[in-house]
Every structure is written in structure tokens, then in C-alpha cells.
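K.L.:
Dropping a prediction and its sequence here:
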Amino acid sequence: MNPKLNYMTSGRLQVLVSVVAICFVLVLLSCGHKSSEPSAARMTAYGSSGSAQAALFSVPQDQMGHIQIITVEPRTFPVILRLPGSVDYNAFQTTPVITQVSGPVMQVLAYPGQIVRAGQPLLYVSSPDFAQLRSNFLKARDAYTLAQSNLERDQDLYAHHAIAQADLLQAQSARNQALADLQASEQALQVLGINDPGHLVDAPASPKIPVLSPITGEVVERMVQPGQVIQAGSTQVFTISNMSTVWVMVNVYQNDLPYVHLGDPVTVQADALSRAFHGRISYIAPALDPDTRTLKVRIVTSNPGGILKKDMYVTAIVQAGKIKTLTVPDDAVLRNDVNEPFVYVQSGPNQFSQRLVTIGHAENGQTQILSGLNEGEKVVGNGSLFLQFARSLTQ
């Protein structure tokens, strides 16, 4: 086909469509001017206040075919909550690594993103504290070995009536005290992660001590550099988290609280990912946030492969069941100048008026009506935008 002819034909069609639309609106306007204002009693009968609603206006019978009339009826409506949220570490499987010795960092072995095992060295510290604890342990071990040998000798002598009972009791007391000192030195080393201090007996003397991973997981933060001096009990050097599960934190509006319960299954979706994740609601805050008037809800979700990352934006979908409620098509609900939702109600033959409504959730092309309409009333579905445009020109 000739491109120029095609262009001319397309242009004529656009002009024809525009003329038809203008004629339709002009007809509505002429009829709207001819319609009379409804009485206060009539407006009240429809459950609306005169100040909140627009006047009645009529539509010619030959134009009614362009308007879809819907009867408001109760229907089974799925309650599906789509809650925006973000990913956070599972605090029950996340541990800050805080060193129990002081001194300069000699070597850093772990890095963010690395998977480490419980007991694996993360870094080495040159610690005079460790040197002192090691010395205390070796002294206590030698003292215990000597006290135990003396006790065994005195027990043999006492059995042959070679020493008095008081000497035997003194040897037992010395052995018990040496054992207590040895156990105390071992416990001090265990605090540093050295659960088998026996290997220190033959090891060369060195202030170098490893800082061990307390759990198996991923290194998600590193806060230390070689040469940095760290303080026992206060310097955090790493954060390790088991990323097999994560938390999704969402805010729930108070109108949606009846649909949220502990243990409810949740599907988590992220725009950046092509797959869904599954979890359950594990915590519901006891009080609303005074600023946002929302309730904090925590979801524990599986995270295979560690795909979900901290602070990633996600949507939590809660299948909250089904209810019996009034609904209208999404096309029926419009907004006025102050963003209040309303519908056009058929008030008589070919006559319509605006009605403010309170809406709930929208699903599958239907919008839930919480208040403003009664069962059996008729509203405009498809075609409500024509009425809205015509009405705006008459005001």
C-alpha cells in the first residue's frame, strides 16, 4: 500500500474518532444542563450528604449503550496483601566476632563473602595477654603434675604406716589446689577459643594467637586491618551470618492487621530476581509506629544460595484467605480533586450521581467496597470516565 495513502487514511480515522467523542460529550452536557437538581430527601435516601455529592445529571437513551451498568452484589473476594519490605540478616543466626585479647593485628585471613566454619581462624593477634595466660597454664600444669606425684607417694607411705595421716591430708590438699589452678588456667584459655591447651606444652613460645569463628556462616562484615590495635571485649572485628535464612521486615497498615497472623505462609518476591522465596511470619510488633501508624512484622524466609542480600527491596505477598464482600469493577472507581474515591450511581432512568465510597483491596479487576454502597444498587462500570469528563465541564 502507498505509504502516503496509508498516512492519510490513518489521519482521517483519528479525526473521525475525535469528532465522535466530542459529539458524545456535548450531548451529555446538554442533557446535564436540562436535568433538575435533586431534592435533599432524595440525596439522603441514597445514603449520602448533599455537600459531598454532585448533582444528578441525565444521559440520553441513545447514548446509554456506551455505559456499562453494574449491579452491586456480594461476592467471594480473595484477600491478598502485598507488603513492601526489605531484607535483613537473621539475628538469631548472626554473630558479631569480638576478640577477647588485646594487641596489634598481625594477619587477617577472612574477607567479606567468604564461607567459614566454626573454629576456623579469622585473624592473628600479637597479644601479651595470651603470652601471660600461656605461661600461667604451663606453670599450673607442672604444679599439678608435681602435686599429683607427691600425693601418690604419700598414699603409698601412709599405707605402709610410714607417715602420719595429717601428712597425707596435706598432700591431698596441695593436689586439689594445684588442680583448681590448672582448671582455672585452662578456662582462661578456652575464653580465647583454645579448647585444647595441651598442645601449648610443646609449641614454641609466641604471643601470636588466632581469633576463631564462633559459628559456621558467611563473613558479611570486616572491621579490622593489619596493624590495627584491638581491645579485648570491645573491638568487633567481623560479623558472620548464616545466610541460609534471612529476615524480611515489612510494615502493615492497621486496616490490614486482621489478616496477619503468626505462622502465616508468605511468598517473597524481588523485582531484581526472577524467582520467589517462601517463608512464614515469625513476629508481630506489639505496638504501632507513632510516625507511620504501621506495625512492624518480621518474616523468616529461606534463602537458597544466599541470593537475597541485606537491604534488598522485596514484596511480601500474604494469602489472607477469602471473604464475602461488596465489590465493583476497578473501572467504576474514580477520584475527585481531593483524591477521594467515588463511583457513579444510577439514581433513576438515565440519571446518575456521584457517591463517595471507602475502598479496600483490589484484586482480579475488582475493588472491595467497605462503605458507601448497598447491595442491589447500580453503578457505572466501563464508561465512568466519560461521565467524569462531562461532569467536570458542567461545574
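P.N.:
Looks like it arrived, so ask away. Numbering: from 1, shown residues only.

K.L.:
Provide a list of residue ranges in this structure with pLDDT below threshold.
P.N.:
1-54, 199-206, 390-395 (pLDDT under 70).

K.L.:
if you go through it in chain order, where are the helices?
P.N.:
With DSSP state H as the criterion, the chain has helices at 3-34, 40-45, 128-159, 165-191, 384-394.

K.L.:
ok, now which ones touch the residue lying closest to R75 once chain neighbours are set aside?
P.N.:
With CB to CB, 6 or more residues apart in numbering as the criterion, R75 has its nearest non-adjacent residue at 5.7 Å, and that residue is T327. C-betas here are computed from N, CA, C, even on glycine. By CB atoms under 8 Å, 6 or more residues apart in numbering, the contact list for T327 reads 75, 77, 366-369.

K.L.:
and if you look at Q225?
P.N.:
Per CB under 8 Å, 6+ apart, neighbours of Q225: 105, 108.

K.L.:
roughly how far apart are it and P207?
P.N.:
Q225 is 19 Å from P207, where distance means CB to CB, to the nearest Å.

K.L.:
Also L179?
P.N.:
Distance from L179 to P207, by CB to CB: 27 Å.

K.L.:
higher neighbour count, those two?
P.N.:
Legend: neighbour count by other CB atoms under 10 Å for L179 and P207, higher for P207 (18 against 15).

K.L.:
wait, what's in contact with the more buried one?
P.N.:
So P207 contacts 103, 126-128, 130-131 (CB under 8 Å, 6+ apart).

K.L.:
Show me just the buried residues among these.
P.N.:
103, 126-127, 130-131 (16 or more other CB atoms under 10 Å).

K.L.:
And the strands in the stretch 251-395 of the chain?
P.N.:
265-269, 276-284, 294-302, 313-329, 334-335, 341-348, 351-356, 358-363, 366-371, 378-380 (DSSP state E, counting those that start in this stretch).

K.L.:
Sheet-wise, list the partners of the fifth one with their directions.
P.N.:
If I follow you right, that is strand 334-335. Using DSSP bridges, the strands paired with strand 334-335 are strand 341-348 (antiparallel).

K.L.:
Okay, angle between the partner strand and strand 313-329 too, please.
P.N.:
With axes from the mean of the first three to the mean of the last three CA atoms, to 10 degrees defining the directions, strand 341-348 sits at 10 degrees from strand 313-329.

K.L.:
Which positions in strand 341-348 come out as buried?
P.N.:
For strand 341-348, the neighbour count (16+ other CB under 10 Å) marks 341-347 as buried.

K.L.:
Equivalent analysis for stretch 222-242, please.
P.N.:
Buried-residue list, stretch 222-242, by 16+ other CB under 10 Å: 222, 224, 230, 232, 235, 237-242.

K.L.:
Farthest-apart pair in these, please.
P.N.:
The span of those, defined through CB to CB, is set by A232 and N242 at 25.9 Å.

K.L.:
what's the domain layout of this protein?
P.N.:
35-77+323-394, 82-91+242-321, 93-241 (automatic domain parsing).

K.L.:
returning to what we had before: please pick the buried ones from the contacts of T327.
P.N.:
Of the contacts of T327, these count as buried by 16+ other CB under 10 Å: 77, 366-369.

K.L.:
Neighbours of I284, how many?
P.N.:
15.

K.L.:
I'd say it and L295 touch.
P.N.:
Yes: using CB atoms under 8 Å, I284 makes contact with L295 at a distance of 6.6 Å.

K.L.:
shared neighbours of the two, which are they?
P.N.:
Common contacts of I284 and L295 (CB under 8 Å, 6+ apart): V260.

K.L.:
returning to what we had before: of all the strands of the stretch 251-395 of the chain, which lies closest to E218?
P.N.:
strand 294-302 (15.3 Å).

K.L.:
For that closest one, give me every contacting residue.
P.N.:
Residues contacting strand 294-302 (CB under 8 Å, 6+ apart): 83, 85, 90, 244-254, 257, 260, 266, 268, 277-285, 287-289, 308, 316.

K.L.:
Please apply the same query to stretch 81-90.
P.N.:
Taking CB under 8 Å, 6+ apart as the rule, stretch 81-90 contacts 220, 241-243, 245-252, 256, 259-260, 297, 299-300, 308-318, 320, 361.

K.L.:
swap the cut-off to 6 Å and go again
P.N.:
241, 245-250, 256, 259, 308, 310-318, 320 (CB atoms under 6 Å, 6 or more residues apart in numbering).

K.L.:
List the buried residues of that stretch.
P.N.:
Buried, per 16+ other CB under 10 Å, within stretch 81-90: 81, 83, 85, 87-90.

K.L.:
do the same with stretch 303-317
P.N.:
Within stretch 303-317, the residues that qualify as buried are 303, 308, 312, 314-317, counting by 16+ other CB under 10 Å.

K.L.:
Cheers, nothing more for now.
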